[in-house]
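Trainee: I need the structure of the sequence given here:
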Amino acid sequence: MIPAKNILLLGLRWHEGLIRAIVHEAAERRWHINLGASLHGMIPRGWTGDGIIGTYGVEPNRLERLLRRVKCPAVGVGMDLQNIGVPSVLTDGRIAGRLAAEHFLDRGFRSFALNLVQTYDLADQRHTAFKARLREHGYTCEYLLKHKTDPDIVWETSWQSRLRNLRDALRKLPKPLAVYCDLDHDAVWVIEACQAEGLVVPDDVAVLGTLDMPLYRESSTVPLSSIAIGYEDNARLACDLLHRMMDGKTVVRKNILGSIR
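Mentor: Residues are numbered from 1 along each chain as shown. Take a look at the predicted model:
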């Protein structure tokens, strides 16, 4: 019997939809997926295997050091890892931004805001496209809060402080208001601020997230709408690419655009 391929999955465990899609795709190929690094945040000591899949939250420098040691192929999903020679399956942030703007425009909104906790390239893509689409219809859009650039500062921000600042920002904007959030956890923050302020979602403030993560979607008492990423398609593309690399085939080490639903 040919031994199963041993694949290490690196990334954030709360991206449940993507992790499930990768695990399902791997099972179809009879691969063994090591989830230890995703579940516990630590690469298993002395791990050796056949391939690595890096998802949201993987640290490029850490991955590069691991690849130098284990000398196996790797692919990314959602993370741009080309600077360390790893091809990735990415989504086009411009499409997500346009879809978000059209979602609100189709519902007749005229007042808009963005919410972003921490800035990064893909978020900038989404929000630039969102604002550009609004400008085509004669509307402008600003951020609810000044976003952060240091991840340590982001997560040290107290819940009370952030909630208070969001409430202050929401209070000042004309209603009905449409708020596009880069990620679902940013959207849940806005929903909590609306509830604390006595604003009805979606009548007073409509909130839209990105990535459609079940953990966040189901944690809110108010149903959360979100731009869904084609996790199944993206997982299949990544696994196809990794399969060819593990077979020793030459691949063009460039990023591939995946799907958005």
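Trainee: continuing past the helix or strand bottoming out on mean pLDDT in the chain, what's the next helix or strand?
Mentor: Using mean pLDDT, DSSP states H and E, helix 151-156 stands out as the lowest-scoring helix or strand of the chain, at a mean of 50. Counting by DSSP states H and E, the next helix or strand C-terminal to helix 151-156 is helix 159-172.
Trainee: next SSE after that following helix?
Mentor: strand 177-181.
Trainee: chain center to that following strand, what's the gap?
Mentor: Mean-position distance between strand 177-181 and its chain equals 17 Å (CA atoms, centre = their mean, to the nearest Å).
Trainee: one more: stretch 168-176?
Mentor: 27 Å.
Trainee: and that stretch, how far apart are its ends?
Mentor: 16 Å (CA to CA, to the nearest Å).
Trainee: how about it: buried residues?
Mentor: Neighbour counts over stretch 168-176 (16 or more other CB atoms under 10 Å) mark 169-170, 176 as buried. (Each C-beta comes from the backbone N, C-alpha and C, glycine too.)
Trainee: so residue 206: helix, strand or coil?
Mentor: strand (DSSP: H, G, I helix; E, B strand; the rest coil).
Trainee: any idea how far residue 105 is from it?
Mentor: 12 Å (CB to CB, to the nearest Å).
Trainee: of the two, give the one with the bigger neighbour count.
Mentor: residue 206 (20 against 17; other CB atoms under 10 Å).
Trainee: just give the nearest non-adjacent residue to the more buried one, would you?
Mentor: Distances taken as CB to CB, 6 or more residues apart in numbering put residue 178 closest to residue 206, at 4.8 Å, once the chain neighbours are dropped.
Trainee: how about residue 129?
Mentor: Distances taken as CB to CB, 6+ apart place residue 97 nearest to residue 129, at 3.0 Å, with adjacent residues excluded.
Trainee: doesn't that neighbour belong to a helix?
Mentor: Yes: counting by three-state DSSP, residue 97 is located in a helix.
Trainee: pLDDT at the spatially most central residue of the chain, what is it?
Mentor: With distances taken as CA atoms, centre = their mean, the residue of the chain nearest its centroid is residue 211 (5.4 Å). pLDDT, residue 211: 88.
Trainee: same question for residue 245.
Mentor: Value for residue 245, per-residue pLDDT: 95.
Trainee: okay, now it: neighbour count?
Mentor: Neighbourhood size, residue 245 [other CB under 10 Å]: 20.
Trainee: that one sits in which helix or strand?
Mentor: Assigned by DSSP H and E, residue 245 belongs to helix 231-246.
Trainee: and what of residue 113?
Mentor: strand 112-115.
Trainee: the helix or strand that comes right after that strand packs against which elements?
Mentor: Proceeding N to C from strand 112-115, the next assigned helix or strand is helix 121-136, under DSSP H and E. Other helices and strands packing on helix 121-136, by 3 or more CB pairs under 8 Å, 6 or more residues apart in numbering; DSSP states H and E, are helix 93-105, strand 112-115.
Trainee: all good on my end, thank you.
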